[in-house]
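A.B. asks: Sequence and computational prediction follow.
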Amino acid sequence: MNILVSACLVGQNCKYNGQNNYNQNVMDYIQCHTVIPICPELLGGLGCPRDSVEQVDGIFMTKNGKDVTKEFQKGVAVSMERIHEKEIALAILQSRSPTCGVNQIYDGTFQGKLIKGHGLFAKTLKEAGIPVKDCEDIHP
């Protein structure tokens with residue numbers, strides 16, 4: 001089974017702060033499957049490390065006020081191209097991310113407040129009919 005996974009969850013240092021979100025529960029879950037790690041933010045041309053980003057009224061903004069919506073859209077488009085013919089059975093994505101958030105995202109105030117919502121990549125995957133799961137919902 002092909003499982004798409006947020007690259008940060010498998011230990012790739014691609015988070016905005018240059019770190020990763022390695023998740024042992026995810027690693028245990030994906031054993032014996034074909035894993036496709038993806039980081040749409042890197043694929044969109046955003047560097048690592050980079051300024052944190054939140055959705056502000058549908059626009060992807062850095063904490064310093066720079067609009068990076070085009071980079072986010074490009075990263076999601078490139079990601080979807082990469083998986084186009086791979087028959088993805090499941091996507092496991094990083095919680096709260098403006099790209100990969102499944103159940104919640106930050107509210108756009110850069111104060112750590114969460115709201116219900118989906119990141120751009122999570123939303124696009126769902127619209128494409130690919131089942132999406134939050135990494136926090138993966139249990140041994």
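C.D. replies: Now that the structure is in, tell me what you want to look at.
A.B. asks: what's residue 131 in contact with, if anything?
C.D. replies: Residue 131 makes contact with 89, 90, 91 under the criterion Cβ atoms under 8 Å, 6 or more residues apart in numbering. For the C-beta atoms, the positions are set from N, CA and C on the backbone; glycine is no exception.
A.B. asks: For whichever strand or helix holds residue 77, buried residues please.
C.D. replies: Secondary structure assignment for residue 77, by DSSP states H and E: helix 69-83. By neighbour count on 16 or more other Cβ atoms under 10 Å, the buried set for helix 69-83 is 69, 71, 72, 74, 75, 76, 79, 80, 83.
A.B. asks: Check stretch 118-131 too.
C.D. replies: Across stretch 118-131, burial judged by 16+ other Cβ under 10 Å covers 118, 119, 120, 121, 122, 123, 124, 125, 130.
A.B. asks: show me the contacts for the first one.
C.D. replies: Residue 118 makes contact with 101, 102, 103, 105, 126, according to Cβ under 8 Å, 6+ apart.
A.B. asks: Quickly check the residues you listed for the two that are furthest apart.
C.D. replies: 105 and 126 (13.8 Å; Cβ to Cβ).
A.B. asks: if we can go back for a sec, among the buried residues of helix 69-83, which one sits closest to residue 45?
C.D. replies: The closest of the buried residues of helix 69-83, once distances to residue 45 are taken by Cβ to Cβ, is residue 71, at 5.2 Å.
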